[in-house]
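Q: Provided below are the primary sequence and the corresponding predicted coordinates.
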Amino acid sequence: MEVRKAFTSATRTVSSTSLRERLSSLHSLTTTPLKPVANLHAHIEFVPSKIPRKRRLQTLAVAIWSTTIVWCITVFLILCSFPPLWPLLAAYMIWVLYIDKSPEHGGRLSPWFRSMSFWRYFADYYPASFLKTCELPPDRPYVFGYHPHGIIGMGAICTFATESTGFSEAFPGIIPHLLTLASNFRMPFYRDIILAMGICSVSKQSCSNILKKGPGNSITIVVGGAAESLSAHPGTADLTLRKRLGFIKVAIQHGADLVPVFSFGENDIFQQMPNEKGTTLYNLQKKFQNAFGFTLPLFHGRGLLNYNLGLMPYRKRIVAVIGHPIHVVQCDKPTLEEITRVQQKYIDELMWIWNTYKDEFARTRRRELSIIE
């Protein structure tokens, strides 16, 4: 009985001591108030109040273009809220979905629209430019292969969809057509903007229709596509190319010279969440791609008023090096052996670009160029 009393007394003593310690720790917490806003402010690098007007305009141009799809759809929905406009909107959508074939026939390229000062601010934001390694005579059609895809392919837009970097001045007589998914041309108003930029559908029929127009016409295909966007991490150049034979076959069928283009810095303008092969995230992204034809990389960049949190690209230099053309002999039905032979020449030229300019434009690379698929 005495042992039980002693045990109970000891337990009560320990419990009391422990309780006092816990209360004192809680008291220390209450005397140091939490400051979530201050902590958040400490981790986000906000834009200074004094920024040159030119840089503000550059940021604004990129912000507008990055949200173009959103505000085009928003404007369309707002217009739909006015019943008197329904007949016009219905006629417009019928024209878009069933009548207008411009995306398959070279678009509606507008030199004036491509040369707007807006695009100059857009390109100077990174800044984006291209390097010309040789002359490209306008006496033949061309197929430009753009690498890497990156998250969005901003360098491809600057070089081949606008005159912000001076493409037409550097290559007179060559008409550029950047190609994209056909689904982009079903979005109201947005489709009309990209058509004015000379952007067309990446379908086989579209490629054929443009190249059939003869000498000087060209198409630019971002070869890696959605699969390569999942490998777009800063400091890397992992290309999806080995299985991409379609654009080479199209070039041979139309006697168009192949021109490899490597864009240094394209993978550096966004940060992507870790998604190595075998991870759950990677598997989900591949399933989404197989189901819808495109994928959704989970990425982040900077914001409009800060430097490290948002969906705008970082200010990282982009330099698209336009390589030497690979001449092909026209053949309506090229064999797999011929396509593979031309592909190897194409890869060799792409590797030459990388090995020649990597120390100048990719000094912060984490590893060398690699063809993963």
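A: That came through fine. Residues are numbered from 1 along each chain as shown.

Q: CA only for contacts and neighbour counts going forward, please
A: Noted.

Q: what's near enough to touch the nearest residue to Arg140 once chain neighbours are set aside?
A: By the measure of CA to CA, 6 or more residues apart in numbering, the closest residue to Arg140 outside its immediate chain neighbours is Pro215, 3.9 Å from it. By CA atoms under 8 Å, 6 or more residues apart in numbering, the contact set of Pro215 is 138-141.

Q: from these, keep the buried residues only.
A: Neighbour-count burial (16 or more other CA atoms under 10 Å) is assigned, among the contacts of Pro215, to 138, 140-141.

Q: report how many residues lie close to Thr356.
A: Look at Thr356: counted by other CA atoms under 10 Å, it has 11 neighbours.

Q: what about it, distance to Arg244?
A: For Thr356, the distance to Arg244 equals 24 Å [CA to CA, to the nearest Å].

Q: same deal with Ala156?
A: According to CA to CA, Ala156 and Arg244 sit 19 Å apart.

Q: these two - which one has more neighbours?
A: Ranked by neighbour count (other CA under 10 Å), Ala156 and Arg244 place Ala156 first, with 27 against 14.

Q: quick check: Thr364 touching Gly235?
A: Yes. At 6.2 Å, Thr364 and Gly235 qualify as touching, with contact defined as CA atoms under 8 Å.

Q: of the two, who's got more company?
A: Neighbour count, other CA under 10 Å: between Thr364 and Gly235, Gly235 has more, with 19 against 14.

Q: now do the same contact list for that one.
A: Gly235 is in contact with 267-268, 362, 364-367, counting by CA under 8 Å, 6+ apart.

Q: can you tell me the SS state at Lys54?
A: What DSSP: H, G, I helix; E, B strand; the rest coil gives for Lys54 is helix.

Q: and the residue nearest to it when sequence neighbours are not counted, what pLDDT?
A: Leaving aside its chain neighbours, Lys54 sits nearest to Tyr121 (7.9 Å; criterion: CA to CA, 6+ apart). We have a pLDDT of 98 for Tyr121.

Q: near Tyr121, how many other residues are there?
A: 21.

Q: ok, it touching Arg53?
A: No. With contacts counted by CA under 8 Å, Tyr121 stays clear of Arg53, the gap being 11.2 Å.

Q: roughly how far does the residue lying closest to Arg55 once chain neighbours are set aside sit from Arg108?
A: Leaving aside its sequence neighbours, Arg55 sits nearest to Tyr125 (CA to CA, 6+ apart; 7.2 Å). Going from Tyr125 to Arg108 by CA to CA gives 27 Å.

Q: more crowded one of those two?
A: A direct count of neighbours by other CA under 10 Å for Tyr125 and Arg108 places Tyr125 higher, at 23 against 17.

Q: now do the contacts for that one.
A: Tyr125 touches 55, 58-59, 62, 315, counting by CA under 8 Å, 6+ apart.

Q: with Val223 instead?
A: When contacts are counted by CA under 8 Å, 6+ apart, Val223 touches 145-149, 240-241, 244, 247.

Q: 10 Å instead?
A: When contacts are counted by CA atoms under 10 Å, 6 or more residues apart in numbering, Val223 touches 144-149, 239-241, 244-247.

Q: same question, Leu284
A: By CA under 10 Å, 6+ apart, the neighbours of Leu284 are 275, 290, 295-296.

Q: for the protein, which segments are assigned as strands?
A: With DSSP state E, the ranges of strands along the chain come out as 128-132, 142-147, 179-180, 200-201, 218-222, 238-239, 257-264, 271-272, 299-300, 318-322, 370-371.

Q: relative to Leu311, which of these is closest?
A: Of all the strands of the chain, it is strand 299-300 that lies closest to Leu311, at 5.1 Å by CA to CA.

Q: where do the helices sit along the stretch 1-150 of the chain?
A: In the stretch 1-150 of the chain, the helices defined using DSSP state H, counting those that start in this stretch lie at 2-31, 36-43, 53-66, 68-80, 86-94, 111-114, 117-124.

Q: for the fourth one, the averaged confidence score.
A: Helix 68-80 shows an average pLDDT of 96 in the prediction.

Q: what's the neighbour count on Gln344?
A: By other CA under 10 Å, 12 other residues sit near Gln344.

Q: hmm, it is touching Leu258, no?
A: No. The pair Gln344 and Leu258 does not pass the contact test of CA atoms under 10 Å, sitting 11.9 Å apart.

Q: in contact with Gly301, which residues?
A: By CA under 10 Å, 6+ apart, the contact set of Gly301 is 268-272, 307-315.
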